[in-house]
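A.B. asks: The amino acid sequence is not available; the structure is as follows:
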């Protein structure tokens, strides 16, 4: 594979984490504009762990994921009882709060004679694990793919067991879910924890690929994009959000024909898809039909 | 110190009145549609750039620029309404929101294509001298902003309470079923409300652009954020709340900017917003949230 294909595929993989993260919350009936906050937390925590504290890569990424998941759960704890719109704005407020805090967050230590660590709005340079360990771009793409496969596998397990069904019933009708004896709030908090962890995993992987992160990268736009991916791709399966990312980054950013009109084409495409299929391309009905067809 | 607080409050109230107008635009749309139009800010941006274009081409005066701003905002809003709201079934609120985001990207990209530079000049009102009331200063463009906003809100109040159209809007916002049964042309009233919101947003956008004197395409995102925040602080679905929310947001921002700087202002604003949502979900002037919750969930 040439370098361009590898970088496009890496981007698709990384955005998929964010899109899946927003999708998990959509499934349980919550609109989040703020998953980029956990992406940022994962990126900074993972980067600090490997670059400043010199932890091993896996441990650093794990630290980012745990931190993202814990903060996701903590934020969800007071916000899940809010109604749809309020929840959406609360997530947006939290994400912008995180971004503006990162703008003043400075934590630099001397590592091998260089000052390393985040420096407020100037960003966080030299997250160099991939260089130091000699991981080629192709190898790193493999790491991203493995992470994505783990997330898809986890969600597949949840779909086999009761987890996904519980999320869906809470999303469809929380009152009915409560009558069935489900603890709606606890399930929502669990979903937000999972979503936070997934986004943080993407963020930690992103930081080590880019080697440089800054607060401005985690603005509102990226959060709304990741929400839109799930809605275009479809709410039926975990491949919906990935399909959304593929359409945006894979098709439009990579095809140079569209490059300067990318947003106009993508915007029109999304609007058209949503008029024809309000629950996305791979919605629940389509997924059931495909499953029935596969079983034959 | 005390004088600073008074001065900041005055400045904040002026900016806040523009935020209030943005929030009122959001609330009108949300009221009749029960759906969120996040392309509201970008539609206003299209209007502002239309005004700036007229100004740079023919060095037009304030009134033609003002009219061009309104016309641009109304046209862009009509496009959003047709594609993202009229064409999508009423029960698919999420789809409408995502679709309005898609149109947002289109509008922003289109404006960037037509205006490739970073910033553009917008005519300002700075010819009038600074007003001095005792020890406090009052920027004339702030005073104009506040008075225009107040006049517009009175006009809106009159439209909503004294005209047949206003009655239909309120019926539709209260109970869409009842409105349909009693012969209100729901689609038409919704469309006209959308345009009314665009006019209000266009005025707010014009006031803000004429105060700053320069504009960038980022103003679309900015207007959407400020309007949404002010609407939610005030209480979802209440016009009075939207205005109060805008004023509160303006004053808080002005104080935080003065005492803590730009970075501090952002942190304080978003912390306050988050806390306001968690502790006071029905907003400063909203109704109890319980009904809104079941309603919102039913529609999602």
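C.D. replies: Thanks, I have the structure now. Keep in mind the model is a prediction, meaning the values are calculated, not measured.

A.B. asks: Would you tell me which helix is longest in the chain?
C.D. replies: Here I'm looking at chain A. helix A:184-210 (DSSP state H).

A.B. asks: let's do chain B instead
C.D. replies: helix B:239-279.

A.B. asks: helices or strands up against it?
C.D. replies: Counting contacts by 3 or more C-beta pairs under 8 Å, 6 or more residues apart in numbering or on different chains; DSSP states H and E, helix B:239-279 packs against helix A:57-79, helix A:84-102, helix B:2-33, helix B:140-162, helix B:219-234. In short, each C-beta sits where N, CA and C put it, glycine included.

A.B. asks: Next, the angle helix A:184-210 makes with the second one.
C.D. replies: Meaning helix A:84-102. Here the directions of helix A:84-102 and helix A:184-210 differ by 40 degrees (axes from the mean of the first three to the mean of the last three C-alpha atoms, to 10 degrees).

A.B. asks: So what are the sheet partners of the helix or strand following helix A:84-102 and their directions?
C.D. replies: Once helix A:84-102 ends, the next helix or strand along the chain (criterion: DSSP states H and E) is strand A:109-111. Each strand paired with strand A:109-111, and its direction, by DSSP bridges: strand A:114-116 (antiparallel).

A.B. asks: which helices and strands sit right next to the following helix or strand past the strand it pairs with?
C.D. replies: Per DSSP H and E, the first helix or strand lying C-terminal to strand A:114-116 is helix A:129-132. Applying 3+ C-beta pairs under 8 Å, 6+ apart, one finds that helix A:129-132 contacts helix A:184-210.

A.B. asks: tell me the angle of the longest helix of chain B relative to helix B:140-162?
C.D. replies: Interaxial angle of helix B:239-279 relative to helix B:140-162 (the same axes, to 10 degrees): 100 degrees.

A.B. asks: tell me the angle helix B:239-279 makes with helix B:219-234.
C.D. replies: Using the same axes, to 10 degrees: helix B:239-279 against helix B:219-234 is 80 degrees.

A.B. asks: Now helix B:239-279: average pLDDT?
C.D. replies: Summarised as a single mean, pLDDT over helix B:239-279 is 87.

A.B. asks: Then stretch A:148-155?
C.D. replies: Mean per-residue pLDDT for stretch A:148-155: 95.

A.B. asks: Could you do stretch A:12-24 as well?
C.D. replies: Averaged over stretch A:12-24, pLDDT sits at 94.

A.B. asks: Determine how far it lies from the middle of the whole chain.
C.D. replies: Computed by C-alpha atoms, centre = their mean, to the nearest Å, the chain-centroid distance of stretch A:12-24 equals 4 Å.

A.B. asks: For the residue lying closest to residue A:218 once chain neighbours are set aside, give me its contacts.
C.D. replies: Leaving out its chain neighbours, the residue that sits closest to residue A:218 by C-beta to C-beta, 6 or more residues apart in numbering or on different chains is residue A:40, at 4.0 Å. Neighbour list for residue A:40: A:98, A:99, A:102, A:203, A:213, A:215, A:217, A:218 [criterion: C-beta atoms under 8 Å, 6 or more residues apart in numbering or on different chains].

A.B. asks: Kindly report the same for residue A:287.
C.D. replies: A:234, A:236, A:237 are the contacts of residue A:287 under C-beta under 8 Å, 6+ apart.

A.B. asks: can you put these in CSV and add neighbour count and secondary structure?
C.D. replies: Listed next are those as CSV, based on neighbours: other C-beta atoms under 10 Å in any protein chain shown; DSSP: H, G, I helix; E, B strand; the rest coil:
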residue, neighbour count, secondary structure
A:234, 24, coil
A:236, 21, coil
A:237, 23, coil
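
A.B. asks: Can you redo those residues as CSV, where the extra columns are pLDDT?
C.D. replies: Shown next, in CSV, are the contacts of residue A:287 (pLDDT from 0 to 100):
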residue, pLDDT
A:234, 85
A:236, 81
A:237, 85
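
A.B. asks: Those residues also near chain B: which ones?
C.D. replies: Of the residues in these, proximity to chain B by C-beta under 8 Å from any C-beta of the partner chain holds for none.

A.B. asks: Kindly indicate which of these lies nearest residue A:112.
C.D. replies: Taking C-beta to C-beta as the measure, residue A:112 lies nearest residue A:237 of the contacts of residue A:287, at 46.0 Å.

A.B. asks: about what we covered before: out of the helices and strands packed on helix B:239-279, which comes closest to residue B:213?
C.D. replies: Comparing those by C-beta to C-beta, helix B:140-162 comes nearest, at 9.2 Å.

A.B. asks: what inclination does that closest one have with respect to helix B:2-33?
C.D. replies: Helix B:140-162 and helix B:2-33 are oriented at 30 degrees to each other (the same axes, to 10 degrees).

A.B. asks: does chain A sit close to the helix or strand just after helix B:140-162?
C.D. replies: Remark: after helix B:140-162, the chain's next helix or strand is helix B:164-174, criterion DSSP H and E. No. Counting by C-beta under 8 Å from any C-beta, chain A has no neighbours in helix B:164-174; the shortest distance is 14.8 Å.

A.B. asks: same for helix B:164-174, what does it pack against?
C.D. replies: Applying 3+ C-beta pairs under 8 Å, 6+ apart, we find helix B:164-174 packed against helix B:2-33, helix B:140-162, helix B:176-181, helix B:186-212.

A.B. asks: Nearest to chain A, out of those helices?
C.D. replies: Ranking the helices and strands packed on helix B:164-174 by proximity to chain A (C-beta to the nearest C-beta) places helix B:2-33 first, at 7.8 Å.

A.B. asks: and that closest one, how far out from the chain's middle?
C.D. replies: The chain centre lies 9 Å from the centre of helix B:2-33; the measure is C-alpha atoms, centre = their mean.

A.B. asks: Also stretch A:189-197?
C.D. replies: With C-alpha atoms, centre = their mean as the basis, stretch A:189-197 stands 11 Å off its chain's centre.

A.B. asks: and for that stretch, what are the contacting residues?
C.D. replies: A:21-22, A:24-25, A:27-28, A:30, A:32, A:35, A:38, A:41, A:65-66, A:68-73, A:75-77, A:80, A:167, A:170.
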